[in-house]
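A.B. asks: Next input, structure requested:
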Amino acid sequence: MANFDEVMSVARRLRKECPWDAQQTFNSFHKYILEEATEFENAVQAKDMQDIKEELGDVLWNCCVLTTIAESEGLFTMDELLQEIKTKMIRRHPHVYGNSPKTMESIHHKWQEIKAQEKAEKEKK
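C.D. replies: Numbering: from 1, shown residues only. Sure thing, here's the model as predicted:
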């Protein structure tokens with residue numbers, strides 16, 4: 001049974017030792033994540049659970065590869081990416097991690113409000 005660190009180890013090794021992987025950039029590789037996301041969507045529409053699992057794995061693999069590109073360029077690490085995801089999801093779910101109302105309407109409204117605040121903060125930078 002593989003764990004996430006082992007998968008990242010494979011991605012890092014390929015980045016170092018495979019000429020094709022080593023030459024990839026965000027610009028050259030981003031099309032693959034879009035392709036895999038579309039294939040995942042098709043699998044969901046077909047309700048094919050084996051295909052869903054495979055395509056979801058391909059999407060995750062693309063995230064791993066893109067992160068190794070970032071690591072090799074000194075931009076960010078997988079640990080930093082995971083911390084950002086964790087922080088963002090906790091912040092966007094105050095109905096779980098705080099005391100906000102738990103109605104679907106209030107959850108949706110608060111989600112949109114938080115995303116707008118995040119966008120405004122990004123634009124200030």
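A.B. asks: Ala11 - how many residues pack around it?
C.D. replies: 22 (other CB atoms under 10 Å). Every residue, glycine included, has its C-beta placed from N, CA and C.
A.B. asks: what separates the one helix or strand it maps to from the chain centre, distance-wise?
C.D. replies: Taking DSSP states H and E as the criterion, Ala11 maps to helix 4-17. Relative to the centre of its chain, helix 4-17 is centred 17 Å away, using CA atoms, centre = their mean, to the nearest Å.
A.B. asks: Check which helices and strands it sits against.
C.D. replies: helix 19-22, helix 49-72 (3 or more CB pairs under 8 Å, 6 or more residues apart in numbering; DSSP states H and E).
A.B. asks: Serialize these to JSON lines and add fields for mean pLDDT, mean neighbour count and distance to Ile114.
C.D. replies: As requested, the helices and strands packed on helix 4-17 are exported to JSON lines (pLDDT from 0 to 100; neighbours: other CB atoms under 10 Å; distance: least, CB to CB, whole Å):
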{"stretch": "helix 19-22", "mean pLDDT": "96", "mean neighbour count": "11", "distance to Ile114": "36"}
{"stretch": "helix 49-72", "mean pLDDT": "97", "mean neighbour count": "16", "distance to Ile114": "23"}
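A.B. asks: and these as JSON lines, adding distance to Glu121?
C.D. replies: As requested, the helices and strands packed on helix 4-17 are arranged in JSON lines below (distance: least, CB to CB, whole Å):
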{"stretch": "helix 19-22", "distance to Glu121": "35"}
{"stretch": "helix 49-72", "distance to Glu121": "22"}
